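>>> Need coordinates for the below:
(one chain, ligands or ions: 1)
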Amino acid sequence: MEIDLLKKHWEAFSRDDPLWAVLTDSSRVGRGWDLEEFLATGEREVAGYLDELERLGAAPVGGRALDFGCGVGRLTQALAERFEHCDGVDIAEPMIAEARRINRRAERVDYHVNDAPNLELFAGESFDFVLSSIVLQHMEPRYARGYMAEFVRVLKPGGLALFQVPAGMRTPPPAPLPEGAFRASIALEEAAPRELVALEQTLLQVRVRNESPHTWPVGSRVRLGNHWVDARGQPLAVNDGRSEIDTELRPGAEVTLGLLVRAPPLAGRHTLELDLVQEQVTWFVHRGSPVVRLAVNVRGGEGDRAATAADTGSATTELFTPIMEMYSVPPGDVRDTVIDAGGEVLHELPDENAGSEFESYHYVVRRVAKRRPAVPRQSLTHLRAAIASVPDRTDMLPPIVSRRHGRTARLELRVKQELARATRWFTWAQSEHDRAVLRALSEARGALEEQDAELRRLREELTRLQDEPGGP
Ligand SMILES: C[S@@+](CC[C@H](N)C(=O)[O-])C[C@H]1O[C@@H](n2cnc3c(N)ncnc32)[C@H](O)[C@@H]1O
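Numbers count the residues shown, from 1 in each chain. Coordinates of the predicted model:
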């Protein structure tokens, strides 16, 4: 989605429940985060990063730090313990409003709203450290790469950035379960609410039992999920909540799962359907397994989005359900972006920040003191200059001329001719040597140009292969 829409979605999330929008833990839904516990997760995360950098011998040494996509300042507050000054930047106004409200280090921390696809609000070379965690994964790669380049620009020479971004989906589609394995029974552990406000979230406790003669192995990506259907049987939301069965379930075995569901934005008497799904294979209902259907009365909420949609009850009203998109940037693209911006990638460290489905890395990047062009091109430039400076003449003798007149001029010319005759051998030898050097340099230049062209060709080929589905 475009950046203005991205802002709209994050502002919707952060108006509802900013702490949960930052850390979407299903047990903390509905303003369920305790602020102290929430901030403690940030302290642990920042301590973990800085300890890791120290072990790698690349620890930042204080100064000014930037937290990009700071949300309510979970990481910024922890950074403020280690840096003299911190700036937190976020696209969503309500996030920044909340960050300012709970700012405990006001003398060291400034928060900024920035909805530009760059960091022009900061001058170049102004930070010692840049941190960004669980942010770049939620925007299209063209924006993520733009901000990575900006991280390098705003770093002082030698300064460090640590940013996280997924590299791609971890898992290929699972092997489909055998045909008879898609049979389950689903039951609520406790009664579900009969009424919800539009877009309200609620956590259901659901018992799932494998009613088939086959085991559902770990990693088969069988999940509990739900749909919403309106009174006419029309789907309102096909994909809503998901909860992983992360244990082996043998025939007849049961497991209890929490499922976080969100009411649709339209008011009405809707049906909440609970079903199982094997991701990228099928919903169980399509193989004959029974679903659980619950009638839920959805009414208009306090939020203007909800009220508009719900109060009119009209399907023609613009529907807006905030979503968090997930994207990846291949490591090769990260490296190219950083190098082109004048940085170097020191470390690529795997992490679990993007959940189990994504292969995620945090990159440790240093801004290099001076930009260095690629070696072959630099050598070629030197060679061209050297070749141009070697004159390609067979005779290096100075011209025999005189600016005088009469007898003096004749005398001068005669002396010069004698001198030229006496030194001719040396100048011929010098000239031959120079021309030999010229030939050698020209041959070397030809070889380097061939290598340079081959390197470019290989790089293009690699980029093409990486862009292909299933590429390296
Ligand atoms: C999942 S939260 C993470 C917040 C914080 N990094 C943390 O770990 O506590 C993602 C944050 O990124 C912000 N965000 C998304 N796109 C952004 C952008 N283009 N520029 C700045 N912030 C952005 C969102 O508003 C949200 O606050």
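
>>> which residues in the stretch 1-150 of the chain form strands?
Using DSSP state E, counting those that start in this stretch, the strands found in the stretch 1-150 of the chain span residues 64-68, 85-90, 109-113, 127-132.

>>> got JSON lines for those, with mean neighbour count and mean pLDDT too?
Where C-beta positions appear, they are placed from N, C-alpha and C, glycine not excepted. What follows is those, written out as JSON lines (neighbours: other CB atoms under 10 Å; pLDDT from 0 to 100):
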{"stretch": "strand 64-68", "mean neighbour count": "26", "mean pLDDT": "98"}
{"stretch": "strand 85-90", "mean neighbour count": "25", "mean pLDDT": "98"}
{"stretch": "strand 109-113", "mean neighbour count": "18", "mean pLDDT": "98"}
{"stretch": "strand 127-132", "mean neighbour count": "26", "mean pLDDT": "98"}
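
>>> To residue 235, which of those lies closest?
Nearest to residue 235 among the strands of the stretch 1-150 of the chain is strand 85-90; the distance by CB to CB comes to 33.9 Å.

>>> Residues contacting that closest one, please?
Here strand 85-90 makes contact (CB atoms under 8 Å, 6 or more residues apart in numbering) with 10, 63-71, 73, 76, 79-80, 96, 99, 105, 108-114, 119, 121-122, 127.

>>> Skip the chain neighbours and tell me the closest residue to residue 10.
Distances taken as CB to CB, 6 or more residues apart in numbering place residue 92 nearest to residue 10, at 4.0 Å, with adjacent residues excluded.

>>> Quick one: residues contacting that neighbour.
Residue 92 sits next to 7, 10-11, 13-14, 113 when contact means CB under 8 Å, 6+ apart.

>>> just checking, which of those belong to helices?
The helices, defined by DSSP state H, take in 7, 10-11, 13-14 from these.

>>> roughly how far apart are the residue of the stretch 251-400 of the chain found nearest the ligand and residue 270?
Nearest residue of the stretch 251-400 of the chain to the ligand, counting by CB to the nearest ligand atom: residue 324, 7.5 Å away. In this view, residue 324 and residue 270 are 23 Å apart by CB to CB, to the nearest Å.

>>> Name the residue in those two with the higher neighbour count.
Neighbour comparison, residue 324 and residue 270: the larger count goes to residue 270, with 21 against 13 (by other CB atoms under 10 Å).

>>> Okay, now the sheet partners of the helix or strand hosting the more buried one, with direction.
Assigned by DSSP states H and E, residue 270 belongs to strand 268-278. Strand 268-278 pairs in its sheet with strand 222-229 (antiparallel), strand 282-283 (antiparallel), strand 292-299 (antiparallel), by DSSP bridges.

>>> about what we covered before: of the contacts of residue 92, which ones also sit close to the ligand?
For the ligand, the contacts drawn from the contacts of residue 92 by CB under 6 Å from any ligand atom are residue 10.

>>> Identify the farthest-apart pair in the contacts of residue 92.
Largest separation among those by CB to CB: 13 and 113, giving 15.1 Å.

>>> In the stretch 101-250 of the chain, what residue spans correspond to helices?
Using DSSP state H, counting those that start in this stretch, the helices found in the stretch 101-250 of the chain span residues 141-154.

>>> which parts of the stretch 101-250 of the chain sit against the ligand?
Going by CB under 6 Å from any ligand atom, the residues of the stretch 101-250 of the chain near the ligand are 114, 133-135, 138-139, 143.

>>> Any chance of a markdown table for the residues you listed, columns neighbour count?
Converted to a markdown table, these look like this (neighbours: other CB atoms under 10 Å):
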| residue | neighbour count |
| --- | --- |
| 114 | 18 |
| 133 | 24 |
| 134 | 22 |
| 135 | 21 |
| 138 | 20 |
| 139 | 23 |
| 143 | 18 |
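
>>> Turn these into JSON lines, including pLDDT.
Shown next, in JSON lines, are these (pLDDT from 0 to 100):
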{"residue": "114", "pLDDT": "98"}
{"residue": "133", "pLDDT": "97"}
{"residue": "134", "pLDDT": "96"}
{"residue": "135", "pLDDT": "97"}
{"residue": "138", "pLDDT": "94"}
{"residue": "139", "pLDDT": "94"}
{"residue": "143", "pLDDT": "95"}
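
>>> I'd like the distance from the strand or helix carrying residue 418 to the chain centre, please.
For residue 418, the element it lies in under DSSP H and E is helix 406-467. Centroid separation for helix 406-467 versus its chain: 49 Å, with CA atoms, centre = their mean, to the nearest Å.

>>> where does the stretch 51-200 of the chain have low pLDDT?
Applying pLDDT under 70 to the stretch 51-200 of the chain picks out residues 171.

>>> and with 80 instead?
61, 170-174 (pLDDT under 80).
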